[in-house]
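Undergrad: got a sequence here, can you build the structure:
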Amino acid sequence: SKNSRIPRYFSNRINCAAIPADLIESELFGHTGQAFTGARQARAGLFEAADSGTLFLDEIGDMSPSAQAKVLRALQEGKITRVGGEKDIDVNVRIIAATNKDLNKEIEQGNFRMDLFHRLNVIQIHVPSLNDRRDDIPLLVDQFLTDICADYGIAKKQTEPEAISLLQGYNWTGNIRELRNVVERLVILSGKSITAEDVRSYVLPK
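TA: Next up is the predicted model:
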């Protein structure tokens, strides 16, 4: 969802599936002091932090119904209220949302608001599963190797062509997250380079 009045770019991200339902509203909209146990002082939420910019709501299909209603209000009216507060706060935020769920089915089952779906669904981008774009795997593996080896403070490991071919033939039910985890496993368990035998030993089912 895009608000044409946004004058500058600012980006924040939240994974709606990774935060408990009773905390998601505080993360998104902030809270007042003493709004709940542990809230010792007032804190702004991500909508305020992203004012005049962009907020990425990952796994929005897992957002609680109450939070959905407040996100809809923020988009339609440009206003939020901190948890425990009464004062409206004006916000001007562009939303980018992602989910691995079929939101049409979630709407039918009463788990997702139809009005919020249509408010968000201005431009829809379908990302094919990793199994449907296996030609991307060599590039993704190379990038993950760069990032992971840097995190571990070691030289970037090379990968045998046969190892890449085996990875391209694997059934990636977990998509990109699974591939990254597999590459990290191979970095940890392999020698100076990642071989086809490493993939057979540490990735392929026995």
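Undergrad: going by C-alpha atoms from here, please, whenever you check contacts or count neighbours.
TA: Fine.
Undergrad: need the three-state assignment for residue 199.
TA: Reducing the assignment at residue 199 to three states with DSSP: H, G, I helix; E, B strand; the rest coil gives helix.
Undergrad: now it: how far from residue 186?
TA: Note on residue 199: its distance to residue 186, by Cα to Cα, to the nearest Å, is 7 Å.
Undergrad: list the buried ones in the helix or strand where residue 25 lies?
TA: In the assignment (DSSP states H and E), residue 25 maps to helix 21-29. For helix 21-29, burial by neighbour count (16 or more other Cα atoms under 10 Å) applies to 21, 24-29.
Undergrad: any idea which of the residues you listed the model trusts least?
TA: Of all the buried residues of helix 21-29, residue 21 carries the smallest pLDDT score, 82.
Undergrad: that one contacts residue 63, correct?
TA: Yes: with contact defined as Cα atoms under 8 Å, residue 21 counts as touching residue 63 (7.3 Å).
Undergrad: what about the strands in this protein?
TA: Ranges of strands within the chain are 11-15, 53-58, 79-81, 88-90, 93-97, 158-159, 193-194, based on DSSP state E.
Undergrad: with mean pLDDT added, can I get those in JSON lines?
TA: Listed next are these as JSON lines, based on pLDDT from 0 to 100:
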{"stretch": "strand 11-15", "mean pLDDT": "79"}
{"stretch": "strand 53-58", "mean pLDDT": "93"}
{"stretch": "strand 79-81", "mean pLDDT": "94"}
{"stretch": "strand 88-90", "mean pLDDT": "94"}
{"stretch": "strand 93-97", "mean pLDDT": "94"}
{"stretch": "strand 158-159", "mean pLDDT": "96"}
{"stretch": "strand 193-194", "mean pLDDT": "97"}
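Undergrad: possible to save these as JSON lines with mean neighbour count and distance to residue 43?
TA: Listed next are the strands of the chain as JSON lines, based on neighbours: other Cα atoms under 10 Å; distance: least, Cα to Cα, whole Å:
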{"stretch": "strand 11-15", "mean neighbour count": "16", "distance to residue 43": "16"}
{"stretch": "strand 53-58", "mean neighbour count": "22", "distance to residue 43": "17"}
{"stretch": "strand 79-81", "mean neighbour count": "21", "distance to residue 43": "12"}
{"stretch": "strand 88-90", "mean neighbour count": "13", "distance to residue 43": "13"}
{"stretch": "strand 93-97", "mean neighbour count": "22", "distance to residue 43": "18"}
{"stretch": "strand 158-159", "mean neighbour count": "16", "distance to residue 43": "46"}
{"stretch": "strand 193-194", "mean neighbour count": "18", "distance to residue 43": "46"}
